[in-house]
Structures are given as C-alpha cells and as structure tokens.
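S.K.: The sequence isn't on hand, but the structure is:
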C-alpha cells in the first residue's frame, strides 16, 4: 500500500512539472554541459535542471539606476564648496566626541570638587 501511494505521489509530481525545450544551443555550450554532467555523474537533463534551479533561486541584483539619478540631482543642487557626506559625518563625530569629552571633564571636576569639599569639611 505504501509503495503504491509513493508511486502515485511521484506520478502526480511528474505530471505537474513543466517541460522546457531549448533550441539553437551552440555546439561548444552543449559539449561543455555534456562534460560537466558526466563529471558530476548526472545526465545532461539533470545537470541543466540543476543549473536552471540554482539560477532561478538567485536573488536579483538591485537596480540602483534611480538612486544614482537622485544622487546626481542632489549633487547638482548643492553649492560647489559643500562638504561631502563623509566630511559631514566626520565633523558630527568630532562634535560628539568633543561634547562627550566635555561631559567627562565636568564630571571629573565635579567629583574632584566633591572630594576637596569633603576634606575641607572633615578638617
């Protein structure tokens, strides 16, 4: 019973698969596929099916055409002496670092001030 069910499932799967015919394959491509299949111990049909499946599973590369056009439009609208994005980020980082260092200095000064005032009050 299990064998019959398995055979039915296999037949159903095969019946649902599509057929693809490729014409005018160059001789050198056909020969390369034949060799590749033989080296892998597969039929040419199985080798080509695997190649097609692998290609179909690949994610398409994003198209940055619109992004590049937008970047060009923005660049044209900026003054010639405008800083680059990298320069602006570097400047913001430096400002953040300076602000952080100032906070630390105030904290340390406050802590030292507290210790000095405790020593004075203890005397």
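M.R.: Noted; the coordinates are in hand. Just so it is clear, the structure is predicted and the values come from calculations on it, not from any experiment. Numbers count the residues shown, from 1 in each chain.
S.K.: and the protein, what are its domains?
M.R.: For the chain, the domain assignment from automatic domain parsing gives the residue ranges 25-58, 84-123.
S.K.: quick one: which of these has the weakest pLDDT on average?
M.R.: When those are compared on mean pLDDT, domain 84-123 scores lowest, with a mean of 77.
S.K.: Kindly check the end-to-end length of stretch 53-71 for me.
M.R.: Its start and end residues considered, stretch 53-71 measures 36 Å (CA to CA, to the nearest Å).
S.K.: Residue 66: which of the domains of the chain is closest?
M.R.: domain 84-123 (18.5 Å; CB to CB). To be clear about C-beta, it is placed using only N, CA and C from the backbone, and glycine gets the same treatment.
S.K.: roughly how far is the closest one from the heart of the chain?
M.R.: Relative to the centre of its chain, domain 84-123 is centred 39 Å away, using CA atoms, centre = their mean, to the nearest Å.
S.K.: change the start of the numbering to 661 and stick with it
M.R.: Taking 661 as the first residue, the last one we looked at is domain 744-783.
S.K.: Any buried residues in that domain, and which?
M.R.: Counting neighbours by 16 or more other CB atoms under 10 Å, one finds that domain 744-783 has no buried residues.
S.K.: out of the domains of the chain, nearest to residue 724?
M.R.: Across the domains of the chain, the minimum distance to residue 724, taken as CB to CB, is reached by domain 744-783, at 16.2 Å.
S.K.: For the protein, just list every one of the helices.
M.R.: Taking DSSP state H as the test, the helices found in the chain are 662-676, 687-700, 704-717, 725-737, 745-782.
S.K.: related to what we said a few turns ago, next, format the domains of the chain as JSON lines and append distance to residue 728.
M.R.: Output for the domains of the chain, formatted as JSON lines (distance: least, CB to CB, whole Å):
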{"stretch": "domain 685-718", "distance to residue 728": "23"}
{"stretch": "domain 744-783", "distance to residue 728": "15"}
